[in-house]
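Participant: Sequence first, then the predicted structure:
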Amino acid sequence: MFKKILVANRGEIALRVIRTCKELGIRTVAIHSDVDAHSLHVRAADEHVCIGPADDALSYRNVPNVLSAAEITGADAIHPGYGFLAENAHFAEVCESIGVRFIGPTSETIATVGNKAKAREIMLRRGIPVLPGSPGEVRNEKDAVEAARKIGFPVIIKASAGGGGRGIRVVNKKDELGRAFQAAQSEAKSSFGHEGVYLERYFLEPRHIEVQALADDRGRVITLGERDCSIQRRYQKLVEESPSPAVDERLRRELARVAIEAFKAVHYRNAGTVEFLLDKDHNFYFMEVNARIQVEHPVTEMITGIDLIKEQIRIAAGMPLRLRQQDIKLIGHSIECRINAECPDKFTPSPGLVTRFHPPGGMGIRVDSGMESQGTVLPYYDSLIAKLIVHGQTRDEAIAKMRRALDEFVIDGIKTTIPLYKRIFNDADFQKGRVSTSFLDRFTANHLA
């Protein structure tokens with residue numbers, strides 16, 4: 001087992017990893033920018049190193065500085081969390097070359113699944129259902145028009161190296177394609193350093209379903225149920241739940257079978273997620289593999305009782321999976337809300353001093369956060385300040401707990417998305433499980449009408 005782990009992240013996920021390391025008896029190193037010097041994750045770690053100024057390109061995403069911090073503190077492994085360097089194949093490769101264990105998949109796997117167009121090709125060859133789309137990257141507008149003609153409108157243009165909802169455009173008819181193609185290429189280039197894009201059929205009102213999986217060095221793969229992440233804004237997830245109200249046992253087994261096949265196709269190791277679109281007829285299609293721990297991993301932990309960070313660390317240390325598929329039991333229902341420092345109606349950022357931070361409590365309530373009273377939401381980083389997770393014996397009970405917890409949650413000094421979630425959890429369609437990726441657009445339009 002590792003003796004010291006450097007946590008290459010900040011905020012709630014850094015604190016989350018540090019807590020599990022403490023339970024395992026592993027010393028921790030927190031890295032931080034100069035403006036994060038007094039944050040909770042820094043105070044929780046055994047050691048800390050300032051790696052640069054506020055700009056994350058000069059600090060949290062600065063590969064030489066992060067590796068220097070690992071070297072001077074003697075860390076023998078690095079946990080990247082999510083975001084920043086978590087899916088950076090170059091960073092993982094350098095870690096491998098200098099003998100520091102990267103807690104995640106191999107650099108080769110990250111590079112393979114990070115190119116969404118290439119991953120599609122691999123899954124197609126494996127016989128995995130994939131959305132109808134271009135066979136690979138589309139290089140120019142002429143080829144995009146030809147691909148769209150074969151696929152049929154509407155289509156969605158996606159960045160090959162994409163993530164976080166960037167580099168994506170929906171095109172409903174031919175005369176919109178040229179401008180959307182150029183915009184997607186430009187955003188892909190500025191966001192990911194690679195302008196490659198590909199096209200897929202755009203389904204109206206699908207569900208976004210993802211399967212959590214674990215794989216060890218010996219080729220064993222298990223799945224831990226699915227999460228429904230259909231409530232999104234601009235392809236950014238807001239509410240996640242497990243199990244999905246749209247998935248029955250037969251479909252769950254089939255999703256798990258295909259997810260395992262996808263992991264094996266790319267020789268995946270460690271924790272990861274296979275993402276699917278589910279149409280109204282319950283046909284599902286592979287979208288991508290996320291090669292990291294995800295923001296919404298706590299809902300899986302709540303219904304399985306399994307610490308996914310702990311499993312990540314054990315696998316990275318070369319230990320075999322200690323769980324068999326038959327050991328995995330899904331108990332009850334869990335829902336997560338991402339509490340962001342944003343205006344709940346316009347989704348504009350709301351940085352500033354948090355004058356009061358009082359999280360809810362009680363049975364079945366969990367809050368993952370790096371925030372506290374008199375803490376500051378900085379304008380330089382993601383607006384996520386807390387994850388509110390609930391667990392109930394049934395979905396109705398989980399919804400009731402979430403409504404109570406949202407009422408109890410106090411965050412003063414800034415605006416947050418809590419009022420939006422209160423409205424969503426009182427919505428009749430949501431309560432009946434009638435959601436899709438277009439739910440929030442309709443909900444917001446109806447609310448503002």
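Facilitator: Great, that's in hand.

Participant: check contacts around the residue nearest the centre of the chain.
Facilitator: Compute the mean C-alpha point of the chain, and by Cα atoms, centre = their mean the closest residue is Gln294, 3.5 Å away. Neighbouring residues of Gln294 by Cβ atoms under 8 Å, 6 or more residues apart in numbering: 82, 210, 212, 273. C-beta here means a position set from N, CA and C on the backbone, and glycine is covered the same way.

Participant: go again using 7 Å as the cut-off
Facilitator: 82, 273 (Cβ atoms under 7 Å, 6 or more residues apart in numbering).

Participant: now do the one 4 residues further on
Facilitator: Applying Cβ under 7 Å, 6+ apart, we find Pro298 in contact with 336, 366, 368, 387, 389.

Participant: Secondary structure class of Tyr285, three-state.
Facilitator: The three-state label for Tyr285, taken from DSSP: H, G, I helix; E, B strand; the rest coil, comes out as strand.

Participant: about what we covered before: please convert the contacts of Pro298 to a markdown table, extending it with secondary structure and pLDDT.
Facilitator: What follows is these, written out as a markdown table (DSSP: H, G, I helix; E, B strand; the rest coil; pLDDT from 0 to 100):
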| residue | secondary structure | pLDDT |
| --- | --- | --- |
| Glu336 | strand | 98 |
| Arg366 | strand | 98 |
| Asp368 | strand | 98 |
| Lys387 | strand | 98 |
| Ile389 | strand | 99 |
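
Participant: Tell me how far the residue nearest to the centre of the chain lies from Leu323.
Facilitator: As judged by Cβ to Cβ, to the nearest Å, Gln294 and Leu323 stand 19 Å apart.

Participant: Look at Lys3 and say how many residues are nearby.
Facilitator: When neighbours are counted by other Cβ atoms under 10 Å, Lys3 registers 11.

Participant: Can you pull the phi and psi angles for it?
Facilitator: Phi and psi for Lys3, reported as degrees, to the nearest 10, are phi -100, psi -30.

Participant: and the helix or strand where Ala271 lies, what other elements does it pack with?
Facilitator: Element membership for Ala271, per DSSP states H and E: strand 270-278. For strand 270-278, the packing partners by 3 or more Cβ pairs under 7 Å, 6 or more residues apart in numbering; DSSP states H and E come out as strand 207-215, helix 249-265, strand 284-290, helix 308-316.

Participant: Could you say which of those is packed most deeply?
Facilitator: Among these, the stretch with the highest mean neighbour count (mean count of other Cβ atoms under 10 Å) is strand 207-215, at a mean of 24.

Participant: If you count neighbours, what's buried in the worst-scoring helix or strand of the chain on mean pLDDT?
Facilitator: Ranked by mean pLDDT, DSSP states H and E, the weakest helix or strand in the chain is helix 439-448, scoring a mean of 80. Going by neighbour count (16 or more other Cβ atoms under 10 Å), the buried part of helix 439-448 is 439-440, 443-444.

Participant: Quick one: residues in contact with it.
Facilitator: 230-233, 238, 423-424, 427.

Participant: and Glu195, which of the three is it?
Facilitator: Put simply, Glu195 is coil when judged by three-state DSSP.

Participant: isn't it right next to Ala183, touching?
Facilitator: No: counting by Cβ atoms under 7 Å, Glu195 stays clear of Ala183, with 11.3 Å between them.

Participant: So if I had to pick from those two, which one is more boxed in?
Facilitator: Taking neighbours as other Cβ under 10 Å, Glu195 and Ala183 compare with Glu195 leading, 19 against 14.

Participant: what about the more buried one, distance to Ala117?
Facilitator: Remark: distance between Glu195 and Ala117 (Cβ to Cβ) = 12 Å.

Participant: In a helix, the residue nearest to the centre of the chain, correct?
Facilitator: No: using three-state DSSP, the secondary structure at Gln294 is coil, not a helix.

Participant: Look up phi and psi at it.
Facilitator: Gln294 adopts backbone torsions of phi -110, psi 160, taken as degrees, to the nearest 10.

Participant: Mind jotting down where the helices sit in the stretch 301-449 of the chain?
Facilitator: When assigned using DSSP state H, counting those that start in this stretch, the helices of the stretch 301-449 of the chain occupy the ranges 308-316, 395-408, 418-425, 428-431, 439-448.

Participant: possible to save these as a markdown table with distance to Val145?
Facilitator: Converted to a markdown table, those look like this (distance: least, Cβ to Cβ, whole Å):
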| stretch | distance to Val145 |
| --- | --- |
| helix 308-316 | 43 |
| helix 395-408 | 44 |
| helix 418-425 | 39 |
| helix 428-431 | 37 |
| helix 439-448 | 27 |
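
Participant: Minimum distance to Cys343: which of these has it?
Facilitator: helix 418-425 (9.5 Å; Cβ to Cβ).

Participant: Could you pull up the residues touching Ile157?
Facilitator: Residues touching Ile157, when contacts are defined by Cβ under 7 Å, 6+ apart, comprise 168-169, 171, 180-181, 184, 197, 199.
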